[in-house]
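> Fold the following, please.
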Amino acid sequence: MLQAALAAPDTAVAAWRAWRAGHVVYDADEEASRLLATIASRIGRLVPDDAELQRLHGHRRHAWTVNMLRAAQTNDVASSLRAAGMDSLFFKGLGMLPLYGDMSMRNMSDADLLVRWHQRHDVIDHLASIGFSPVHGVSLAKMHTLDRIYPGFGMRRPDGIETDVHWRPLHHLRHRPHLDEILFEYSRLERIGATTVAVADPSHHLVLVIGHGMRSDSGAHLIAVADACQLLVAPDFDARRAAALAHEYERTSAVDDVCAVIIDILADGAHSDLVNARDRAIEMRQRLRRRTVGDILLDRQLTSAHGSSSGRLKTARSMWVAASDPRWRDGGPVFGLIDLARRELSLDRARDVPAQLVWILGGRSEQLGSFRRTVGGAGEDVPTLPIGDSVSVSTTTGFELLLASGWWEPEEHHVWSKAPEAALTLNIDLPPNRGCNLMMRTVPFVNATHPDLTVDVRINGTSRAVWRYRYETDVEVDQRITLHADDLDDGRCEVLFIIHGASSPLESGVAADERVLGIALQSIAIEPIGILDPGGHVSPRHEIGDETECGEAADGTTRDGLRAGRVRRDPRAVLGRRHRSDRRAAPPPVR
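Model prediction:
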């Protein structure tokens, strides 16, 4: 089938006749049926005696109509997102149509839309507001909650428009938003009929098409190879950038395998519009297999160092960090590597250090950042919190250094979170095989108009608790999450709050404050495990998936067993006053 779709005319016709000898066109499986329109377009006139193949021209006309309609309808969705300040681009099926030229040659069942990682929750809510709902029984709340586990979900509108919304372009083991931004940076506008759409750059698109199509559970293996051929012959295809992205996304094996298949299929020649595909596939394989001196030294370090494989990987990663750490900017990477060699690797001889410097000279300097785990948006001066320490907005200088992203400007005794996400970055001095309780004093913005607030709390990307606040009494709630050394990343801890049900005081009718508010954070404390709470009980541990109801019961305790005292400085009581980010005159305080 691939030879019939891609090879030179004589080879393609022979391959088609060989396939037809054992198959019926309209009984073709899903994989083969995706290529029928391409085959009918390229060799239909060369096989006039095959009645079933000739009837596929009607199938092509139907595909052309459906593709034009889908492009116009789905682009309206992208335009709606753009008007709301959210970027998007098409890839795979709809993004491939401009490269085929003939819009009837490529079948598809839906449109794949990629959005920016940090806008994913806004996109979900926006699509829901214009009538879209998740498919396959998934709820909107589940889309929000599982956003770090799945790369996207399908959504459909009652009028039949269906789109797969992706906030990660591939099924990564971990999200890499700093890499995904490259796709938006190089995206371009292409025309599909009378519609102009934003699509991925061909060099990057190759990695996305193969990364999706070559998954074991995919039904698009054959069409992915055909799409890859079209991308390889695109006028502005850049093998260097394609290979670089394949390395970053860890898809070199899949891309290499597809290129090998293309080289084999086109050994006897290619269709007229694919004459350069084989040469570029050969170039891609050469670039994917090219190894810098830094790669070789890295492999040598990983295989020769003592200890477990994870320990060797950590050692190699630390070496990269030392070479790129801005603290050594004045003296260059030499000082960082020497310091690392003497302190962590116990290398007493300076002659062992130059080999590590060769990594940079070998062309890896631009990739050093990929070995560093960026947590939140806080700077490098985040203070270390020892066990037993406590910090608060009102008494701690530099508290704002802990606020990674998603917070309004700190006020006198608290800081309000922005919706839908807010993050803290903490450095915790936690010895091995020890644990601690992360205590956070919070106050929710709930009222009679918006009585419920839910906060999904994640530690370094792992869901650890769900806090549910209800408008019952004005309370401050001491939330507790138990941490162990293996929960941290070299002492670094990102606490991410995903907030559902936030509102503004203006919207709720309680003050002339337009800010959307979630929870107010007053203080953070690091307590050793086993400390007694004010009620005289040992602190309970929040396991993964725990849900905490944060309303106050009749006995003055919350449902998680923590005592909720009356707010001494209720942040909601000063919403009407002038704050640092709003210098306009405000009404008297709300009581």
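> drop to CA atoms for contacts and neighbour counts, all remaining ones
Noted.
> From the chain's centroid, how far away is stretch 440-456?
Stretch 440-456 sits 27 Å away from the centroid of its parent chain (C-alpha atoms, centre = their mean, to the nearest Å).
> residues of it that come out buried?
440-447, 450, 452-456 (16 or more other C-alpha atoms under 10 Å).
> and what of stretch 21-33?
32-33.
> Compute the first-to-last residue distance for that stretch.
16 Å (C-alpha to C-alpha, to the nearest Å).
> What's the mean pLDDT across it?
Averaging pLDDT along stretch 21-33 gives 80.
> That one: how far from the chain's middle?
37 Å.
> same question, stretch 442-460
Taking mean C-alpha positions (C-alpha atoms, centre = their mean), stretch 442-460 and its chain are 24 Å apart.
> What of stretch 496-513?
26 Å.
> Quote the end-to-end distance of it.
25 Å.
> Buried ones in it, by neighbour count?
For stretch 496-513, using 16+ other C-alpha under 10 Å, the buried residues are 496-505, 508, 510-513.
> which stretches of the chain have low pLDDT?
172-175, 216-217, 291-381, 395-397, 432-433, 473-475, 530-591 (pLDDT under 70).
> Kindly state the domain boundaries assigned to it.
For the chain, automatic domain parsing gives the domain ranges 2-289, 293-371, 384-574.
> ok so, going back, counting only strands, which of the buried residues of stretch 496-513 make the cut?
496-500 (DSSP state E).
> Nearest to residue 385, out of the buried residues of stretch 440-456: which one, please.
Minimum separation from residue 385 among the buried residues of stretch 440-456 (C-alpha to C-alpha) is found for residue 440, which lies at 13.7 Å.
> That closest one sits in which helix or strand?
For residue 440, the host element (DSSP states H and E) is strand 435-444.
> Who does that strand pair with, and is each partner parallel or antiparallel?
strand 477-484 (antiparallel), strand 519-528 (antiparallel) (DSSP bridges).
> Can I get the last one in CSV? Just the C-alpha atoms.
Right, strand 519-528. The C-alpha trace of strand 519-528 is given here as CSV (Å, rounded to 0.1, in the frame of the first residue of the first chain):
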residue,chain,number,x,y,z
ILE,A,519,-7.2,31.5,48.3
ALA,A,520,-5.3,33.9,50.5
LEU,A,521,-2.0,32.5,51.9
GLN,A,522,-1.0,33.9,55.2
SER,A,523,1.9,31.7,56.4
ILE,A,524,3.9,28.6,55.7
ALA,A,525,5.5,26.3,58.3
ILE,A,526,7.7,23.2,58.1
GLU,A,527,7.0,20.9,61.0
PRO,A,528,8.6,17.5,61.8
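> Need the residues that contact that strand.
385-394, 413-417, 435-445, 571 (C-alpha atoms under 8 Å, 6 or more residues apart in numbering).
> what do you get if the cut-off is 6 Å, keeping everything else the same?
387-393, 414-417, 436-445 (C-alpha atoms under 6 Å, 6 or more residues apart in numbering).
> One more: stretch 199-210?
89-92, 95, 186-188, 224, 228, 231, 237-238, 242, 246.
> Which one of these is nearest to residue 468?
So of the contacts of stretch 199-210, ranked by how close each gets to residue 468 (C-alpha to C-alpha), first place is residue 89, at 35.5 Å.
> Would you mind listing the residues in contact with that closest one?
113-114, 198-199.
> what's across from it in the sheet?
residue 114.
> how close does it sit to residue 181?
Separation of residue 89 from residue 181 (C-alpha to C-alpha): 12 Å.
> again with residue 411
On the measure of C-alpha to C-alpha, residue 411 and residue 181 end up 33 Å apart.
> With residue 440 instead?
33 Å.
> Excluding chain neighbours, what is closest to residue 420?
Leaving aside its sequence neighbours, residue 420 sits nearest to residue 499 (C-alpha to C-alpha, 6 or more residues apart in numbering; 5.0 Å).
> Next one: that neighbour from residue 477, what distance?
Distance from residue 499 to residue 477, by C-alpha to C-alpha: 16 Å.
> same thing with residue 59?
63 Å.
> more crowded one of these two?
residue 477 (23 against 17; other C-alpha atoms under 10 Å).
> Quick check: beta-bridge partners of that one?
On the basis of DSSP bridges, residue 477 is bridged to residue 442.
> Hmm, it is touching residue 440, no?
No: the pair residue 477 / residue 440 is not scored as a contact, 8.1 Å apart, by C-alpha atoms under 6 Å.
> List the buried residues for the helix or strand hosting residue 243?
Secondary structure assigned from DSSP H and E places residue 243 in helix 239-248. By 16+ other C-alpha under 10 Å, the buried positions in helix 239-248 come out as 239, 242-246.
> re earlier: what about burial for the contacts of strand 519-528, which qualify?
Counted by 16+ other C-alpha under 10 Å, the contacts of strand 519-528 give 387, 390-393, 414-417, 436-445 as buried.
> deepest of the strands paired with strand 435-444, which one?
strand 519-528 (a mean of 22; mean count of other C-alpha atoms under 10 Å).
> Once you drop chain neighbours, what's closest to residue 168?
residue 151 (4.7 Å).
> now do residue 171
residue 151 (5.9 Å).
> Now do the contacts for that neighbour.
With C-alpha under 6 Å, 6+ apart, residue 151 has these contacts: 166-168, 171.
> Now flag whichever of those is closest to residue 517.
residue 167 (24.6 Å).
> returning to that earlier point: of the contacts of residue 89, buried ones?
Neighbour counting by 16+ other C-alpha under 10 Å classes 113-114, 198-199 among those as buried.
> what ranges do the strands span in the stretch 1-150 of the chain?
Applying DSSP state E, counting those that start in this stretch to the stretch 1-150 of the chain gives strands spanning 88-91, 111-115, 133-134.
> number of nearby residues for residue 227?
22.
> SS state for it?
helix (DSSP: H, G, I helix; E, B strand; the rest coil).
> Report the separation between it and residue 155.
Using C-alpha to C-alpha, residue 227 is found at 24 Å from residue 155.
> what's the answer for residue 188, then?
Counting by C-alpha to C-alpha - residue 188 and residue 155 are separated by 25 Å.
> So those two - more neighbours on which side?
residue 155 (22 against 14).
> still on that earlier bit, need the contact partners of the strand holding residue 440.
Looking at what lies outside strand 435-444 - C-alpha under 6 Å, 6+ apart - the contacts are 476-484, 519-529.
> Give the pairing partners of the next helix or strand after it; include direction for each.
Remark: after strand 435-444, the chain's next helix or strand is strand 452-459, criterion DSSP H and E. According to DSSP bridges, strand 452-459 forms sheet pairs with strand 462-470 (antiparallel), strand 492-500 (antiparallel).
> to the chain's geometric centre, what's the distance from the last one?
Shown here is strand 492-500, whose average C-alpha point lies 15 Å from the average C-alpha point of the whole chain (C-alpha atoms, centre = their mean).
> and what of the first one?
Between the centre of strand 462-470 and the centre of its chain there are 22 Å (C-alpha atoms, centre = their mean).
> That one: which residues count as buried?
Buried, per 16+ other C-alpha under 10 Å, within strand 462-470: 462-470.
> End to end on stretch 139-152, go ahead and measure it.
13 Å.
> List the buried residues in it.
140, 143-145, 147-148, 150-152.
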